[in-house]
Structure formats: C-alpha cells, structure tokens
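In: Next come a sequence and a model predicted from it.
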Amino acid sequence: MAGFDDLASERSKAQFDVEEMKVIWAGSRHTLEVSDRISRLVANDPVFRKDTRTMLSRKDLFKNTLRKAAHAWKRIIELRLSEEEAAELRFYVDEPAFMDLHWGMFIPTIKGQGTEEQQQKWLPLAYKMKIIGCYAQTELGHGSNVQGLETTATFDPQTDEFIIHSPTLTSSKWWPGGLGKVSTHAVVYGRLIIDSKDYGVNGFIVQLRSLDDHLPLPGITIGDIGMKFGSGAYNTMDNGVLRFDHVRIPRDQMLMRVSQVTREGKLVQSNVPWQLVYGTMVYVRQKIVSDASCALSRAVCIATRYSAVRRQFGLQSNGIETQVIDYKTQQSRLFPLLASAYAFRFVGEWLKWLYMDVNQRLQASDFSTLPEAHACTAGLKSLTTSATADGIEECRKLCGGHGYLCSSGLPELFAVYIPACTYEGDNIVLLLQVARFLIKTVSQLGSGKEPVGTTVYMGRVEQLMQCHCAVQKGFLELSADLVQAAVAHCQLIVVSKFIEKLQQDIPGKGVKGQLEALCNIYALFILHKHLGDFLSTGCITPKQASLANAQLRSLYSQVRPNAIALVDAFNYTDHYLSSVLGRYDGNVYPKLYEEAWKDPLNDSVVPDGYQEYIQPILKQQLRNARL
Ligand SMILES: CCCCCCCC/C=C\CCCCCCCCCCCC(=O)SCCNC(=O)CCNC(=O)[C@H](O)C(C)(C)COP(=O)(O)OP(=O)(O)OC[C@H]1O[C@@H](n2cnc3c(N)ncnc32)[C@H](O)[C@@H]1OP(=O)(O)O
Ligand SMILES: Cc1cc2nc3c(=O)[nH]c(=O)nc-3n(C[C@H](O)[C@H](O)[C@H](O)COP(=O)(O)OP(=O)(O)OC[C@H]3O[C@@H](n4cnc5c(N)ncnc54)[C@H](O)[C@@H]3O)c2cc1C
C-alpha cells in the first residue's frame, strides 16, 4: 500500500530514539505511561466516538456530550482514577464541556479566592459533583473590562445577605461555559455595594438551579446563548446567559480571601493584593499555553504524515511522483510549525512551574512575582494561541483540498480551537498588559537592573521599548507599537526556555540533536518573520540576515528525514487525531473513499428534493424543446 509503505520508509530514516523523544514530549516516563494508557482507554470505548459530531443537531449533539460526560465520570469512579488521570481522560475525550469549567475554573476559584472555611464548605460538594459550577464573569456589555462589570451585589445589614441583581440588559452574564443548561452554581463577579458605596468587583457563590428538579431558582433567568462557529466544534458547550432579579445570598457566600465584609457591613482588606481576584485567569492562561502545544502538534502531525503520503508532480526515474514533503516550500511552511509545537510545549512546562512557584510564594505572603506571573501568562497565552490558530489553518492548507474535508479532522480542530484567541482574555488586550509590564521594567532599568535573555532577541525588545518610551507619547497613542514590543518579549521568553530545556539532561540517541535543530528553526524562523524589527533596531546586519536564512534552509534538510518520527513522538492515537489524513498507517486514499459513503447524503442514490424541485425543471425544458 502506497501510504503505508511511505510512512514505514520514513520511520526507518529516523536518526534519533523516538521512544526517548516521547518521554521528552510527555514530560516524564510516568506522564507518558498515564497519557498512553488513558488515551487507549478512551480510543477503545465506543461511547467516546467522535466521527458523528458534525452530523448531529445541536440538541442531539449536546445530549451526546452529557452522555459522554456522565460516562467519563462513571469510568473515573469505577477505575478510581486520580485527578491527573481524570484530566488526561478529559483531554482525550476531546470535547468542550461543562466539566472543563467546573474543574478548570469553578474549583480553582474557590481554592484561590475562598477562605479556609469557604473551601471546607464548598470544595467537598464540588469534588463529589454534588454541585456543578461555572465561572460567571463576562457580561453582554463587558468582557475585557472587568472593572466595568455592572452586576451588583448589595449588602443588606438587616438580613446579613447580599442582593445580586442585573440592573441593565448589558449586565446580563453572557458567555460563561456550562451556565446555559447544566450548572447548579456559579462564581458570579459583581460590584460590591455597601451603604450605596461601590467597592469594585468581587466574586460571589450563587446557586442558580434547584438540586431537586434542576429548575432555575426564583429571580433567575437562564439559558444558552445560541449556536457558535462551526457545526460540531464548541457547540458541545452550553455557553449561557444569566440575569438576576434581586436574588439574595448569605453574606458568607462572598469569596473573602482578598476582602471581607463584617456582620456590621464593614469592608476589611486582607494582606493579599486585590489582584488575587483575577487569580483564576492566571491559572487558566497557563493551562491554555499547554493546550496550544497540544492543538498545534495535533495539526502538525496530520499535515506532516499526509505530506509524506501525498505525491504530486516531479516524476522520478522510478516513475513515482515526488512526495510533497520534499518540496522546499512545503518544508518552509510545515517545519516552523513543528518547531513551534515543541517550543510551546517547553515554555508551557516552564509556565506551569512559574505558576506553582507564585502560589507557593503567596502561601508565604511573598507577592513579589505576581506581576511577572500575570505578564508572562497573559503574553504567552496571547502569543501561543494566535500562532496555534494560524498554524492549524496553515496545516489545513498544507493538505490541499482533502484538508477541507471534515474527515481530515482539521476543520473541526480549527473551529474548536480559535476561540482560544478570545476567551480568557482577548489576545490584544493581554499584550497591552505585557506592554504595561515592560514599561515598568524599562523604567526600573535605570536602577542597575539588567534584563536577561538571548542577545539578539533581547536587543530587539530593548530597542523596541527604548524607541517607544523615548517618544514619550501617551500609552494609548503608542499601543499598536507597544504590542509589537510585547510580542518580541514573549518570543524572547519562548526561545530562552527552549534553550534552557536543551541545557537539561536529555537522554536518547540523537534526541538532543533533533531538539537543537528545532530550537534553531524556531529562533531563525521568528527572526526571519520579524526581520524588519531586527534590522531596524540594529540587532543584526543584512549580511547576518542572509546567513540566518541560509542556515534555516539547511536546518529544514536536517529535519526532513526525521519529520515523521518527530510527530510520532507526540504519541497520538488515531482516535484522538480523528483524521483520515493523519492515520498512523498512512492508508489515506482507501479510507478517504470509505468515509465519503458514510455521509447521510449518500443514504439515497436520488437525493430528497430532486423529484420535487429539480425534475420539474428538466421536464419543462423537455416539453419546451418538443414544441
Ligand atoms: C474528574 C473530572 C475530570 C475532568 C478534569 C477536567 C480538567 C480541566 C482542567 C483544566 C481546564 C482548563 C480550561 C481550559 C479551557 C478553557 C475554556 C474556556 C475558558 C474561558 C473562560 C473565560 O473566558 S473567563 C473570563 C476571562 N476574562 C478575561 O480574561 C478578562 C480580560 N481582562 C482582564 O484580565 C482585565 O480586565 C485587564 C487586565 C485587561 C484590565 O484590568 P483592570 O481593568 O483592573 O486594569 P489594569 O490594567 O489597570 O490592571 C490593574 C492592575 O492589576 C494587574 N492585573 C491585571 N490582571 C491581573 C491578573 N490576572 N493577575 C494579577 N494582576 C493583574 C495589572 O497588572 C495592574 O497592576 P498595576 O500594578 O496597577 O500595574
Ligand atoms: C468560547 C468562549 C468561551 C468563554 N467562556 C467564558 C466563561 O466561561 N466565563 C466568562 O466569564 N467568560 C467567558 N468567555 C468570555 C470571554 O472571556 C470574553 O469574550 C473575552 O474576555 C473578550 O472580551 P469581549 O468579548 O468583551 O471582547 P472586547 O473586549 O469587547 O473586544 C472586542 C475588540 O475590542 C478590542 N479591545 C477591547 N479593549 C481594548 C483596549 N483597551 N485596547 C485595545 N483594543 C481593545 C479587542 O482587542 C477586540 O478586538 C468566553 C468567550 C468565548 C468566545
């Protein structure tokens, strides 16, 4: 079989130990074992099939999502899976659902912003799935501007309660995942009002639905906000709308780790920075960076395997056409994405460490690294999700027409992934946060503080910041330029963390050599992409730019024989890839043909509607012709 032989031949060319690279990609032998076991558990469970998703109505799609979530929970209990294994299960089930927000936002918010007492009360209920929560911050009128939220939480000293209210249409909660049809509770962000004084935005735990009949509680209007981009995609998630009509909650349901309201209605600030109210967003942003490396690697795996199977033009002496992966244009589009997937994997590992380090410091009342953690999570979430969304689309194009078929897996992957550029912070808004952080950092440089980082990349950031700060115009006036400096800063971090990864002990024949090649490809690709920055800031000369480009081409040739092995190292099952083009066995054409006939349109030879609408036209034309 052509495809199968092609991939077998490609795998025989590998110049490194693929099994050791699998460990590097997974992070450890333990993580690889868990990931491999759980991915196969999911792949072999018919309840978790994914191939019908794009053919179901919204209601059937959502019901099937609930069925999968219930089955996942049942399997977690039956098999006594750990939280790590359960998270892997959620990852390989590969379907946005309310569980993401319950486990990924509602619980972390209570852990990060609740007092000890509040954690003791609410976390056992949440962990046992006795309540299902969501994160209700965004409103119809405000998403980026959190301080602009309009929902009110007014303290009533008569009854020792908060009155939660939606004063305007634009104050309706809008977008929270899991809210529309499933969640029984929410952390609701609203303006704390005491004695008519507005104390800004805080989090409040509010019950939304009855635990008996799941009906909305009095004063609660709640529903789904409607279909989103694509047919399957994110429509498995019930992003919701929620309005409050003077709903009362006990005072102890305001999350009070940051600020407390006493029985007398006095606001007391604790010793932690008020920005901890934003803490969940930092946590999710570092998770999203990890998710970016997974989504990009998935698309690259499909496009790389298909590029090795697909032959087009270039008849060779043996009468066989050329593999498209051998074209330099294909390599110059595909290999930087392969390098980016590895780069994002390693910066995601570092970001996870940074987040854990910040949290440990918070326990010791050391808040010194919180600003850096915010800037890094915000900036890297922006950089990696934008690059990944663009990268998935590029992988679709790298697969030609077949990449546009749902059976390629790429349209669905794109449709599910692209909101990552918006949720958890619009990517431009987040880069502006990085710009603010850089301006502060540059202003402190006079105090003898020296920036650290790779010279050329560091020089680019410094020069871009100096130019902008030297102009001394207002932040808003310069914001488009400052975003450019923020991107440069984040790219510096990605390259630096890749280099640091290479300084670790990396076992396995040829493994370190391949990672060095990928690191150089990423660094030189970014340099090539932003050549104007590097030249205009004098960081490199035109001659050096030309040498860098030549080196990049040479690196592509180095990676070429290892490309299939480098994507095999992601260790993805065919079930997870869900792609005829990315099959491990390369058996593309027979499977493409087979998949086509499964489409419901082929249930009948003559399609519904033909006799009713088209045949009369033809008959009329025939009658006209005889006249
Ligand atoms: C057993 C079952 C198994 C199942 C297992 C499942 C496991 C799942 C696990 C994980 C899944 C993870 C989920 C991944 C998928 C995600 C799905 C989608 C989720 C989407 C959710 C959302 O979208 S939630 C809403 C997100 N909204 C935003 O991000 C809003 C963006 N806007 C902002 O962040 C802020 O408004 C702003 C920063 C842009 C502006 O802030 P502000 O108005 O206050 O003004 P300033 O700019 O002046 O900031 C003031 C001050 O605060 C500092 N600061 C700002 N933000 C932060 C922060 N986040 N942290 C710390 N500090 C911050 C800022 O730097 C300023 O400081 P100064 O010192 O004054 O300069
Ligand atoms: C799939 C999905 C799931 C979501 N899940 C949740 C959830 O579970 N919980 C929740 O609370 N929210 C959720 N959200 C909402 C999400 O967090 C917001 O959409 C996001 O924060 C962006 O805010 P916005 O929609 O108001 O966009 P806006 O901020 O209105 O952005 C619109 C445009 O204005 C620009 N802009 C805005 N402010 C500035 C500025 N200061 N300077 C320059 N340009 C600016 C932006 O760059 C963008 O181009 C979800 C959204 C999506 C799409």
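Out: Yes, it's here. Note that this is a predicted model, so its numbers are computed, not measured. Residues are numbered from 1 along each chain as shown. Ligands and ions are numbered 1, 2, ... in the order given.

In: Give me the neighbour count for the residue of the chain found nearest ligand 2.
Out: The nearest approach of the chain to ligand 2 comes at Gly143, 2.3 Å away (C-beta to the nearest ligand atom). (C-beta placed from N, C-alpha, C; glycine too.) Counted by other C-beta atoms under 10 Å, the residues lying close to Gly143 total 18.

In: Just list the residues touching it, thanks.
Out: Taking C-beta atoms under 8 Å, 6 or more residues apart in numbering as the criterion, Gly143 is in contact with Trp175, Asp426.

In: SS state for it?
Out: Secondary structure state of Gly143, per DSSP: H, G, I helix; E, B strand; the rest coil, is coil.

In: and if you look at Cys134?
Out: strand.

In: In terms of helices and strands, where is Gly391?
Out: Remark: Gly391 resides in helix 370-398, with elements defined by DSSP states H and E.

In: I should have written Asp36 there, sorry.
Out: Per DSSP H and E: Asp36 is located in helix 29-43.

In: Beyond that helix, next helix or strand please.
Out: As the chain continues past helix 29-43, the following element, by DSSP H and E, is helix 58-78.

In: circling back: so is the helix holding Asp36 next to ligand 1?
Out: No. Using C-beta under 6 Å from any ligand atom, no contact is recorded between helix 29-43 and ligand 1, whose separation bottoms out at 11.1 Å.

In: next one: stretch 268-278
Out: Yes. Stretch 268-278 comes into contact with ligand 1 (C-beta under 6 Å from any ligand atom), by way of Gln275, Tyr278.

In: Contacts for that stretch, please.
Out: Contacts to stretch 268-278, defined as C-beta under 8 Å, 6+ apart, come from residues 112-113, 146, 189, 200-203, 257-262, 362, 365, 367, 370, 374.

In: out of everything not next to it in sequence, what's closest to Ile428?
Out: Nearest residue to Ile428 in three dimensions, chain neighbours excluded: Val483, at 6.4 Å (C-beta to C-beta, 6 or more residues apart in numbering).

In: Over to Ala373?
Out: Nearest-residue entry for Ala373: Val358, 4.3 Å, with adjacent residues in sequence omitted and distances by C-beta to C-beta, 6+ apart.

In: Show me what the helix or strand the one you found falls within is packed against.
Out: Taking DSSP H and E as the criterion, Val358 maps to helix 328-363. Contact analysis of helix 328-363 by 3 or more C-beta pairs under 8 Å, 6 or more residues apart in numbering; DSSP states H and E lists helix 279-309, helix 370-398, helix 475-502, helix 511-529, helix 542-559, helix 563-568 as its packing neighbours.

In: how many other residues sit next to the residue lying closest to Pro371 once chain neighbours are set aside?
Out: If the residues on either side of it in the chain are set aside, Pro371 comes closest to Phe437, at 6.3 Å by C-beta to C-beta, 6+ apart. By the measure other C-beta under 10 Å, the count of residues near Phe437 is 19.

In: buried ones in the helix or strand hosting Phe437?
Out: For Phe437, the element it lies in under DSSP H and E is helix 427-445. When neighbours are counted by 16 or more other C-beta atoms under 10 Å, the buried residues of helix 427-445 are found to be 427, 430-439, 441-442.

In: One more: stretch 35-42?
Out: When neighbours are counted by 16+ other C-beta under 10 Å, the buried residues of stretch 35-42 are found to be Ser35, Ile38, Ser39, Leu41, Val42.

In: do the same with stretch 66-83
Out: Lys68, Ala69, Ala72, Arg75, Ile76, Leu81.

In: Not counting sequence-adjacent ones, nearest residue to Glu264?
Out: Pro157 (7.1 Å).
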